[in-house]
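Peer 1: with the sequence up front, the predicted model follows.
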Amino acid sequence: MGASARPVRDEWILPTLELLLTPAQSADLKANAEDSYWESAVRRGVISDEKILEALAQRFRMKIANLQVVSQQARELVPEQLARKYRILPLAISDSVLDIGTADPHDLDCERTLAFALGRTIRMSLAAPQRIVERIDEVYRPENVMEKILEGVSNNYDVEAIGETIDEAELDLGAERASERPVIRLVDHIVAEGIQSRASDIHLEPEEAGVAVRYRIDGVLRQVMVLPRAAGVPLVSRIKIMAALDIADRLRPQDGRARVAVNGSRVDLRVSTLPASNGEKVVIRILDQRSTVLSLDNIGFNGEELARIHELLQVREGIILVTGPTGSGKTTTLYSMLRSVQSRGVNIITVEDPVEYRLAGVVQVQVNEKAGLTFPAALRSILRQDPDVILLGEIRDKETAGIATQASLTGHLVLSTLHTIDAASSITRLMDIGIETYKIAAAVKGVLAQRLLRRICHSCRELQIGPVSDRLRRYFPEGTSLYRSVGCPECSMTGYRGRLAITEILLANPEVERRIAASETADRIAEAAREGGMRTLWDSGVYHVKAGNTTIDELLRVLEPPSEGGVGARQVKPAEPTPEVVEGNARGSLAASVDALVQQLIPKNQGVQTLHAVPPSFSGDGFQLVDDYVDAKGAAKKVLLVEDEDSLRRVMRDLLEREGFQVLEAADGIKALDEVDRGNPDIVVLDLNLPGLDGYGVLSHLRSRPATADLPVIVLTAKGDEDSEVRVFEYGASDYLTKPFRPRALSARLHSLLGRPIRRD
């Protein structure tokens, strides 16, 4: 039926469309348009909404609406009936103005009606008609949107909440009874799909555009869907009901538990809510015992590590600690160790918050702060229950640590966790808590520090072609077989499937105990442990990369390589020297070789001394050995390095320390001024682009104060034009370098400003 037989509501748009379409397309559109030229043109595929919006915005000098941002107040004040009648979407409202998105800026009836009803001026912006209709459904009827989402779900799961004692008739979320069903089904689908996808956590995060649903699979978050923002409140309310939380309290964090059966299999859930700026964030921790086999053999330890763990578990009293950040598998390792000692026929009692896995033959105590059942209180009571082995969820304070230490010294085996970065730091952490060092030395029998790496998918992995980076060549010399991840349906196109643990295992020996009792540093304790056979976390990761269990990229995602000459580097033999030049941010194998040579030339137990001769094989121009720069009192000159980019700052720090400077660091302008007052540097290397207070502001402050008016400052700038150069010196810089720069250029400027010769033959 032609346009003459039926009125078309947007005749005003024809002149614009005729400029965008061919004459034939325009004639066809006029002859066959139904109720809207705009929608007919888009539906036929002759033009897109975006091109029409751009043309209209330019012609009428109007803004294009952002339909994703709809304020709660605007939605509440504009009735759904009016929004649907005039096909508008309320965006924002103030005391005098209502902003709306519309596809018809010539609709005077709409403008007058809304202005009269709300007593405000109407300000219009352009939006596509079909998108407005969709957003009206999302904003005013989120349950309808959930139905549409569920229509596209192909997997059907039988999900049942176990132990839910609340009557369903009382679970009114403030909407019609029929609207609850889609919410319940959607939550069931999100939880069940997460369990089937091997997710460890489900994150529901409110954002401006909606509620993002993310699954943490093998330690990495993946976004699976974005729900309408209006669906956030009923969604969170349903999850709170499952976990027996207060649905009316949206201003405080809450924690709870739930148990569901998915296709007949029981799964425990831990639910945590957190009030955020855009709504409540919810994290659901999935504790699926089917996917967690509590056995040391299945965690991923290599043969040497397993042997050391079994050796450690032969003790009958003392403390064994497992340490690492949240999500590093500490609880799984602890339970696996319990399984190993359970075969002795011992009495095992645990104190946890919360109890994550149910273990047969083990008495598990759930901490209840409200009832007064805290870690220390539970531990005191447990000691009267004749236990042989005690598992303590976490040592958090001095009281808990003191009771655990006392229990270990009176014939009990205590297993627990700490949050530290490595094994030796756990000892110093106990010292910081307030436990006497002689008690720590006697009580602690061993510490396991661990991280989790993703296993490479063996169905699609490929050999890695090409050399590794210079900083890793000493760990993976040429000829080492390495693999890279690819991605296939078996691993959901990620290249990884499952996880394995890397660990460093500190076993107490007489020297370790002596250093602990003497309150020595973590580095000194770690040194004694390495002499006793401990391998670092990095060494453990390198083993799994060489064994083809994971990739270099995954190892670098979790751990940072040891600095050359640092704690971890002493355990690995460096690669053979190659005639490479260290430039920019890269550090080649030559630098490691020079380090090794310097260490051989310097007498043991002495500081860095002046080298008066350089071996002929190292006499090229690509590098130089320099003397330490010291002042009249024999102290190294201090350089304050102000740079917000961590990787560049580390490279520059290593360069300066190699040349004998004492390096102070700051990542922003405010901290730089504090460091000047506190550290009294001899020279400053200052980046201009800094957070908080930029480099120009730092320069102004330094030059305005008598104490720092003459302090040398080298400025790093990304702009090398004349105006920038002049401005730098106007603010009082001593010299400047443009990025990217070469290390030798920075070194030369430092030496020049400090009056030091650049090179000594």
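Peer 2: Done, it's in.

Peer 1: next SSE after the worst-scoring helix or strand of the chain on mean pLDDT?
Peer 2: Lowest by mean pLDDT, DSSP states H and E among the helices and strands of the chain is helix 589-601, with a mean of 38. Next in sequence after helix 589-601, counting helices and strands by DSSP states H and E, comes strand 638-642.

Peer 1: quick check: angle from whichever helix or strand comes after that following strand to strand 638-642?
Peer 2: Downstream of strand 638-642, the next assigned helix or strand under DSSP H and E is helix 646-658. Angle of helix 646-658 versus strand 638-642, following axes from the mean of the first three to the mean of the last three C-alpha atoms, to 10 degrees, is 170 degrees.

Peer 1: name the residues of helix 646-658 that come out as buried.
Peer 2: For helix 646-658, the neighbour count (16 or more other C-beta atoms under 10 Å) marks 648, 649, 650, 651, 652, 653, 654, 655, 656, 658 as buried. The way it works is simple: take the backbone N, C-alpha and C, and place the C-beta from them, glycine included.

Peer 1: which of those lies closest to residue 457?
Peer 2: Checking those against residue 457 with C-beta to C-beta, the nearest one is residue 650 at 32.5 Å.

Peer 1: and that closest one, how close does it get to residue 490?
Peer 2: According to C-beta to C-beta, to the nearest Å, residue 650 and residue 490 sit 38 Å apart.

Peer 1: next one: the biggest helix by length in the chain to chain centre, how far?
Peer 2: Ranked by residue count, the top helix of the chain under DSSP state H comes out as helix 177-196. With C-alpha atoms, centre = their mean, to the nearest Å as the basis, helix 177-196 stands 28 Å off its chain's centre.

Peer 1: before we move on, what about stretch 230-240?
Peer 2: Worked out by C-alpha atoms, centre = their mean, stretch 230-240 lies 25 Å from the chain centre.

Peer 1: buried residues in that stretch?
Peer 2: Buried, per 16+ other C-beta under 10 Å, within stretch 230-240: 230, 231, 232, 233, 234, 235, 236, 237, 238, 239, 240.

Peer 1: and of these, the nearest to residue 541?
Peer 2: Nearest member of those to residue 541, counting by C-beta to C-beta, is residue 239, at 36.7 Å.

Peer 1: skipping adjacent residues, who's closest to the closest one in space?
Peer 2: Nearest residue to residue 239, sequence neighbours excluded (C-beta to C-beta, 6 or more residues apart in numbering): residue 282, at 5.6 Å.

Peer 1: what of residue 39?
Peer 2: That would be residue 129: by C-beta to C-beta, 6+ apart, it lies 5.7 Å from residue 39.

Peer 1: ok so residue 497 is a helix residue?
Peer 2: No. Residue 497 is assigned strand when assessed by DSSP: H, G, I helix; E, B strand; the rest coil, not a helix.

Peer 1: got the contact list for it?
Peer 2: 218, 454, 455, 457, 490, 491 (C-beta atoms under 8 Å, 6 or more residues apart in numbering).

Peer 1: go with 6 Å
Peer 2: Applying C-beta atoms under 6 Å, 6 or more residues apart in numbering to residue 497 gives the contacts 457, 491.

Peer 1: try residue 504
Peer 2: The contact partners of residue 504, taken as C-beta under 6 Å, 6+ apart, are 423, 449, 534, 536, 537.

Peer 1: for it, give me phi and psi.
Peer 2: The phi and psi values for residue 504, taken as degrees, to the nearest 10, are phi -120, psi 130.

Peer 1: what's the separation between it and residue 663?
Peer 2: 28 Å.

Peer 1: now swap in residue 263 and tell me
Peer 2: Separation of residue 263 from residue 663 (C-beta to C-beta): 59 Å.

Peer 1: the stretch 1-150 of the chain: strands as residue ranges?
Peer 2: Here the stretch 1-150 of the chain has its strands, by DSSP state E, counting those that start in this stretch, at 88-93, 97-102, 121-126.

Peer 1: out of those, which is closest to residue 267?
Peer 2: strand 88-93 (40.2 Å).

Peer 1: report the inter-axis angle for the closest one versus strand 121-126.
Peer 2: 120 degrees.

Peer 1: check which residues of strand 88-93 are buried.
Peer 2: For strand 88-93, using 16+ other C-beta under 10 Å, the buried residues are 88, 89, 90, 91, 93.

Peer 1: please list the outside residues in contact with that strand.
Peer 2: 67, 70-71, 73-75, 77-78, 99-102, 132, 135.

Peer 1: quick one: average pLDDT of it?
Peer 2: Strand 88-93 comes out with an average pLDDT of 91.

Peer 1: how far does it sit from the chain's center?
Peer 2: Counting by C-alpha atoms, centre = their mean, strand 88-93 comes out at 35 Å from the chain centroid.

Peer 1: quick check: angle from that strand to strand 97-102?
Peer 2: Using the same axes, to 10 degrees: strand 88-93 against strand 97-102 is 150 degrees.
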